[in-house]
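A.B. asks: Need a 3D model of the following:
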Amino acid sequence: MSRSPLNEDDRKESKEYHNAWSAIHALMEQGKSWSGRERHCCFLNTGGPRLANVSSATGFDWIDDGRGLALVDWDFDGDLDLWLSNRTAPRLRFLRNDNGSQNHFLAIRLVGNGTTTNRDAIGARVEVVTSGEWRVTSGEERGPQETRLTKSLRAGEGFLSQSTKWLHFGLGTGHEILKLVVHWPDRSREEIRGVRRDSFLRIVQGTARAERWTPPARPDELAAASPEPAAETQMARIVFPLRTPLPSLHYLDLRGPSQKEWNPGGTPTLINLWASSCVPCVKELKELADHYDQLRAANLEVLALSVDALGEHPAGDSQSARALANRLQLPFPTGFMGERFYDQLRLVYENMYADQRPLPVPTSLLVDGDGWITVVYRGPVSVEQLLSDVRLCSVSPSEYFRQSLPFEGRWQRQPLVPVLKSGRWGKVAQMLEVGGYRAESLRYWQAYLAFYAKVPRPEDDEEAQLWDGYLAKIQGQEVARQLASAGRIEAAITACRIALKTKPDFVAVRRSMALLLEKAGKTRQAMAEFESIAYDRSSEGLDASLRLAMILSANSSAEYRDGQRALSLAERACRVTVNGDPQSLDALAAAYAELGRFAEAAETATLALELAETAGSKKLAHEIAARRKLYQSNQPYRSAPEGATP
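C.D. replies: From the prediction side, this is the model:
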């Protein structure tokens, strides 16, 4: 693990630090433990220079992937108990301290005045002054030695943990309390005397006294309030709340060399992944075959795909898979999974489970009639479970989301609003795009739009506005961008127009559409769109004003040029950016040149060039330098027509 960077300017250390975190996250996603098989430790203060490891004697030494630790006198018996949280199961442990020590204690709860000090008194410091051994000087007894114990009240202790707000003092066996000194966060100070040991005290700021607090009766037994553990099973079933479309599926027919494409066709389908060398797979295939008529009567189809001969499942081979299918006389379609589908499905799987390990077999996916993954089964799934789950394929999106949760409750807002807001709906599409599957990524974005088109728009006005914004973002930014990158400019423009019907004030989408219109050679329409947002205070509005200024200054067609309007837009942009933006100065120089003010154009272009070079914008600097040469020779800049070579 790289050390944390000491400052933001140390880019080498910062890069190593972030790379180390990325490596740790990758290991976690592969199922590795953060702390290995390290046992919890407990150390005993022996009163000397060394501590004793009493982990085993105290029952503390579990092999848990521990995280948080909170100290609290849970049963009010004068000693501290512990709560532990783990990354692995059990997620929470309670350790009750039954040591049986005869030592004394004092517990103090502070209450701030709520004006000069916060009510919880966070930041306060308490000193407990106790009597100690008698001092002897030159043979003369001088009185008891004072001992001061000090604790501060903090918010947060350790990793993601908060211990009790009671300040707990261990007093040993014989010391008496002489006084308490409370230093409040507002720097006021109070002394309190007459305090007894083995007490729970409540001190309110400004009262200068301690109220004795009586804890509730200790329960006869502390027991965990948790349900009975579920019966062990080889199958893990997950109703996936953030549903995602199944990637486009092509497979090689098991009974012949033909390539086939699977389409949902409105009927729910179980996509079963199996291998001929997998004993549970064979048992599951036989059960599916024996009950195939029952499954079809419930409107559920089956497609069984062998992973034999795939790179991550090399144990089997195609001949063994064919022989097994013939022996079992499988009545449903069977085939070999292709590498392309496997790669895309692996991306979906990693998004579902944050798991970078190979897909296990058997794995089955219950897919609804529109091709959306509804339930995932890791391990053999029973026919009874499938017959129960197929109903989820026909419920409304909101009802499906409700049933995907493991507990009941009352919704404060429409459940799909936070799902859409989270952005998780686009994770698979983004992963596919990064993986090189651009067409599949576009299909995913379009599938999400089709899915949410079925969901009623929220009744609450604020949530409805959020809903419109998220859908417009998918349509006008993600879908339009991918269509444009595929060369489908007109389709991208149409996507932007649809988004703007949903949310007309979406500045980023309007700017994107203006750029697409300009690229399509529809200059007049592009200018109108740039004009509509040129005075918006966002970065998109500033960019639109600069692009409009460049069209007015430098378009190859005189019918679009207007140097005075261009100058007005460019001057405003320079005022907004305080002459610190190279693109604004570049637009101003082009406007000067269009008006024949070439000396000012060259001087302004020089300033823009210096800023671009300082910022490391090599491409922009090269373009500004070329334009400056024109101005120095008393020539205006003219942009090349769209599609032409400058």
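A.B. asks: Which element, helix or strand, includes residue 492?
C.D. replies: Secondary structure here is read from DSSP states H and E; on that basis residue 492 sits in helix 489-502.
A.B. asks: What's the first helix or strand after the helix or strand where residue 542 lies?
C.D. replies: Secondary-structure assignment from DSSP H and E places residue 542 in helix 539-554. Secondary structure here is assigned by DSSP H and E; on that basis, the next helix or strand after helix 539-554 toward the C-terminus is helix 563-576.
A.B. asks: by contact count, what packs against that following helix?
C.D. replies: Under the contact criterion of 3 or more Cβ pairs under 8 Å, 6 or more residues apart in numbering; DSSP states H and E, helix 563-576 touches helix 539-554, helix 582-594. (C-beta placed from N, C-alpha, C; glycine too.)
A.B. asks: In TSV: these, plus mean pLDDT and distance to residue 301.
C.D. replies: Formatted as TSV, the helices and strands packed on helix 563-576 follow (pLDDT from 0 to 100; distance: least, Cβ to Cβ, whole Å):
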stretch	mean pLDDT	distance to residue 301
helix 539-554	96	47
helix 582-594	97	57
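A.B. asks: related to what we said a few turns ago, got the CA coordinates for the helix holding residue 542 in CSV?
C.D. replies: Coordinates of the C-alpha atoms in helix 539-554 are reproduced here as CSV (Å, rounded to 0.1, in the frame of the first residue of the first chain):
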residue,chain,number,x,y,z
SER,A,539,-20.3,26.5,-18.7
GLU,A,540,-22.4,25.1,-21.5
GLY,A,541,-23.9,28.6,-22.0
LEU,A,542,-20.5,30.2,-22.2
ASP,A,543,-19.3,27.6,-24.7
ALA,A,544,-22.5,28.2,-26.8
SER,A,545,-21.8,32.0,-26.9
LEU,A,546,-18.2,31.4,-28.0
ARG,A,547,-19.2,29.0,-30.8
LEU,A,548,-21.9,31.4,-32.0
ALA,A,549,-19.3,34.2,-32.0
MET,A,550,-17.0,32.1,-34.1
ILE,A,551,-19.7,31.3,-36.6
LEU,A,552,-20.6,35.1,-36.8
SER,A,553,-16.9,35.9,-37.3
ALA,A,554,-15.4,33.2,-39.4
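A.B. asks: what does that helix rub up against?
C.D. replies: Helix 539-554 is contacted from outside by 507-508, 510-511, 514-515, 518, 523, 526-527, 529-531, 533-536, 560-563, 565-566, 569-570, 572-573, 576-577, 583-584, 587, 590-591, 593-594, 636-639, using Cβ atoms under 8 Å, 6 or more residues apart in numbering.
A.B. asks: low-confidence ranges in this structure?
C.D. replies: Under the criterion of pLDDT under 70, the regions of the chain flagged as low confidence span 1-13, 34-36, 132-144, 218-234, 311-316, 354-355, 407, 411-415, 418-425, 641-646.
A.B. asks: Next SSE downstream of the helix ranked longest in it?
C.D. replies: With DSSP state H applied, the helix covering the greatest number of residues in the chain is identified as helix 11-29. Scanning forward in sequence from helix 11-29 by DSSP H and E, the next helix or strand is strand 43-45.
A.B. asks: Tell me the helices and strands packed up against that next one.
C.D. replies: Using 3+ Cβ pairs under 8 Å, 6+ apart, the elements in contact with strand 43-45 are strand 51-53.
A.B. asks: So what touches the helix or strand hosting residue 613?
C.D. replies: Assigned by DSSP H and E, residue 613 belongs to helix 598-614. Contacts made with helix 598-614 from outside it, assessed by Cβ under 8 Å, 6+ apart, are listed as 579-583, 585-586, 588-590, 592-593, 620-621, 624-625, 627-628, 631-632, 634-635.
A.B. asks: For it, buried residues please.
C.D. replies: The neighbour-count check on helix 598-614 (16 or more other Cβ atoms under 10 Å) flags 598, 600-602, 604-609, 611-613 as buried.
A.B. asks: picking up where we left off before, pull the CA atoms of the longest helix of the chain into CSV?
C.D. replies: What follows is the C-alpha trace of helix 11-29 in CSV, where atoms were taken according to Å, rounded to 0.1, in the frame of the first residue of the first chain:
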residue,chain,number,x,y,z
ARG,A,11,1.5,13.7,-8.5
LYS,A,12,3.8,10.7,-8.5
GLU,A,13,2.9,9.8,-4.9
SER,A,14,-0.8,10.6,-5.6
LYS,A,15,-0.8,8.2,-8.6
GLU,A,16,0.9,5.4,-6.6
TYR,A,17,-1.6,5.9,-3.8
HIS,A,18,-4.7,5.8,-6.0
ASN,A,19,-3.2,2.8,-7.9
ALA,A,20,-2.8,1.0,-4.6
TRP,A,21,-6.4,1.6,-3.7
SER,A,22,-7.5,0.3,-7.1
ALA,A,23,-5.5,-2.8,-6.6
ILE,A,24,-7.1,-3.3,-3.2
HIS,A,25,-10.6,-2.9,-4.6
ALA,A,26,-9.8,-5.4,-7.4
LEU,A,27,-8.7,-8.0,-4.8
MET,A,28,-11.9,-7.4,-2.7
GLU,A,29,-14.0,-7.9,-5.9
